[in-house]
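**Student:** show me how the following folds:
(one chain, ligands or ions: 1)
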Amino acid sequence: MFNSLSDRLASTFKNLRGKGRLSEADVDATVREIRRALLDADVAVSVVREFTAHVRERALSEEVSAALNPGQQVVKIVNDELVRILGGETRRIRLAKNPPTVIMLAGLQGAGKTTLAGKLSKWLKGQGHSPILVAADLQRPNAVTQLQVNGQRAGVPVFAPHPGVQSDFEEVTGDPVTVARDGVAEARAKLHDVVIVDTAGRLGIDAEMMQQAADIRAAVNPDEVLFVIDAMIGQDAVNTAQAFNEGVDFTGVVLSKLDGDARGGAALSVASVTGKPVMFASTGESLDDFEIFHPDRMANRILD
Ligand code: GDP
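**Tutor:** Sure thing, here's the model as predicted:
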């Protein structure tokens, strides 16, 4: 996903190799190239501005550590700044003191929520949890069936409004808020310790959809609300994230489709713009293409 950004930054740093000390002009030239590389990778303008200002200030003011030459010092500063915009520390799921832990998924249609529900449930099961999936996406024809298929693959039960009678062509009837609430009650009754609630998205931001997501949030009082964003959607990622942040006040971000070859910088901006950490990455269509997101490892990967 970030190959071209990686290459651009590597060639910027190459110019610093062998320099004994960096003049202000060297730093400015480097910062300019970093700015261009980030903008070309689709990183949001506001994020780039702050990022480059920090890099410049630190490169000019910090003592060069004895172990590093000035070029390496700049690489270290850029690395630190990348970690910072990606949310800093790795953020784990907050488990409820009194189970079940409720995890709600939100995001646009096609973002990868239903796929993520399967991945997350499989991963949690592997961690010794006993998750259940709740099909509260009643908007998209086939979403319930798709969740049931994913649940079956993950070996995780699915609570759905009308199990087994969905058609590919008809909308499922029922009230998603009721389904979500009943799903959590089912989890409690059957002693599942984690509930993952899949919700409906639309192709674009839509007041009715956002209200429904907010209503589900209010009804099930989740411990985590994960906003799933398709890293391929480019500049729209930031606006979409801001709208969902206002609409459902999510607690963490999942970057999906990181296996794609789009520029991806907008997705890198989401944590910084919303102040919410990236928690997971989805990297393919199979249920195992799923990782805990470590900001430091992602920064290393970009700067490798
Ligand atoms: P939802 O509408 O948000 O529930 O999105 P889906 O989970 O149905 O995903 C939409 C499409 O994206 C499906 O065809 C998925 O197979 C695909 N998809 C989901 N996650 C990933 C991913 O990480 N990588 C790739 N390449 N495809 C994905």
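**Student:** the ligand contacts on the stretch 151-300 of the chain?
**Tutor:** 201, 256-257, 259, 282-285, 289 (C-beta under 6 Å from any ligand atom). For every residue, glycine as well, the C-beta is placed using N, CA and C.
**Student:** any of these buried? List them.
**Tutor:** Buried by 16 or more other C-beta atoms under 10 Å: 201, 256-257, 282-283, 289, out of these.
**Student:** show me those residues that map onto strands.
**Tutor:** Judged by DSSP state E, these include 256, 282 as members of strands.
**Student:** which of the buried ones among the residues of the stretch 151-300 of the chain next to the ligand lies closest to Lys125?
**Tutor:** Asp289 (16.2 Å; C-beta to C-beta).
**Student:** and the strands in the stretch 51-200 of the chain, which stretches?
**Tutor:** 101-106, 131-136, 158-159, 194-199 (DSSP state E, counting those that start in this stretch).
**Student:** let me have those in JSON lines, adding mean pLDDT and mean neighbour count as columns.
**Tutor:** Listed next are the strands of the stretch 51-200 of the chain as JSON lines, based on pLDDT from 0 to 100; neighbours: other C-beta atoms under 10 Å:
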{"stretch": "strand 101-106", "mean pLDDT": "98", "mean neighbour count": "26"}
{"stretch": "strand 131-136", "mean pLDDT": "96", "mean neighbour count": "29"}
{"stretch": "strand 158-159", "mean pLDDT": "96", "mean neighbour count": "24"}
{"stretch": "strand 194-199", "mean pLDDT": "97", "mean neighbour count": "30"}
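**Student:** of all those, which lies closest to Ser11?
**Tutor:** Comparing these against Ser11 with C-beta to C-beta, the closest turns out to be strand 101-106 (38.6 Å).
**Student:** Asn91 and Phe280 touch, don't they?
**Tutor:** Careful, residue 91 is Arg; it's not Asn. No: when contacts are counted by C-beta atoms under 8 Å, Arg91 is not listed as touching Phe280 (9.7 Å).
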